[in-house]
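Asker: Make a model of this:
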Amino acid sequence: MKTSNKIFKLLLVLFASVALVGCDSSDDDEGGNDAERFIGAWDIISAADQGGERDQTAIFSALGVLTVTLNEDQSYSLVLVYADPETEDLAITGTYTVNDTSSRLVLSVQLEGLPQVDLSLTYNFLNDIQVEFTADATTLAILLGAELEGNVILVAEKR
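Answerer: This next block holds a predicted model:
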């Protein structure tokens with residue numbers, strides 16, 4: 001069970017990374033750079049694999065509500081409030097970077113008992129409050145213990 005919890009934590013970090021990456025596509029002329037647009041709290045509201053062809057939102061939402069908060073000092077917190085009230089909420093903190101040129105958000109993740117991992121996500125802002133993140137399914141499948149294929153697309157919405 002402890003291994004499953006570590007895998008789930010890593011998955012949450014990956015989702016957070018995806019959410020963070022999605023906010024990094026604006027120009028300085030359009031209200032600030034991408035790093036500035038990412039600052040705040042983001043909830044994952046949908047998920048799909050196979051390049052967006054297969055909806056996986058129910059799998060993600062069955063776990064609970066995943067929120068990633070990005071701070072001005074390039075620190076982040078990822079919190080999963082489990083749907084099961086008897087399961088203790090998961091909280092992960094670390095640092096992040098945003099690359100406006102490549103539209104990538106990178107989260108540095110350190111989980112207890114595991115080596116530090118940099119999670120890289122590409123992003124595309126859909127509008128002022130939503131961002132789409134794309135990640136390879138291989139990492140997410142391992143983290144979630146789910147059967148995911150191709151690219152996974154996550155949509156995050158700013159609170």
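Asker: how about the closest residue to A62 other than its chain neighbours, what does it touch?
Answerer: Nearest non-adjacent residue to A62, counting by C-beta to C-beta, 6 or more residues apart in numbering: A83, 6.3 Å away. The C-beta positions use only the backbone N, C-alpha and C, and glycine is treated the same way. By C-beta atoms under 8 Å, 6 or more residues apart in numbering, A83 lies in contact with S61, A62, L63, G64, V65.
Asker: Narrow the residues you listed to just the buried residues.
Answerer: L63, G64 (16 or more other C-beta atoms under 10 Å).
Asker: now could you export just the CA positions of stretch 35-50 as PDB?
Answerer: Extracted in PDB, the C-alpha atoms of stretch 35-50 (Å, rounded to 0.1, in the frame of the first residue of the first chain):
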ATOM      1  CA  ALA A  35       5.500  32.600 -15.600                       C
ATOM      2  CA  GLU A  36       3.300  35.500 -14.300                       C
ATOM      3  CA  ARG A  37       0.200  33.900 -15.800                       C
ATOM      4  CA  PHE A  38       0.800  30.600 -13.900                       C
ATOM      5  CA  ILE A  39       0.900  32.300 -10.500                       C
ATOM      6  CA  GLY A  40      -2.100  31.100  -8.500                       C
ATOM      7  CA  ALA A  41      -4.100  27.900  -7.800                       C
ATOM      8  CA  TRP A  42      -5.100  25.500 -10.600                       C
ATOM      9  CA  ASP A  43      -7.500  22.500 -10.500                       C
ATOM     10  CA  ILE A  44      -7.300  19.600 -13.000                       C
ATOM     11  CA  ILE A  45     -10.800  19.500 -14.600                       C
ATOM     12  CA  SER A  46     -10.300  17.000 -17.400                       C
ATOM     13  CA  ALA A  47      -8.000  14.300 -18.600                       C
ATOM     14  CA  ALA A  48      -7.700  12.200 -21.800                       C
ATOM     15  CA  ASP A  49      -5.100   9.900 -23.300                       C
ATOM     16  CA  GLN A  50      -4.400   8.600 -26.800                       C
END
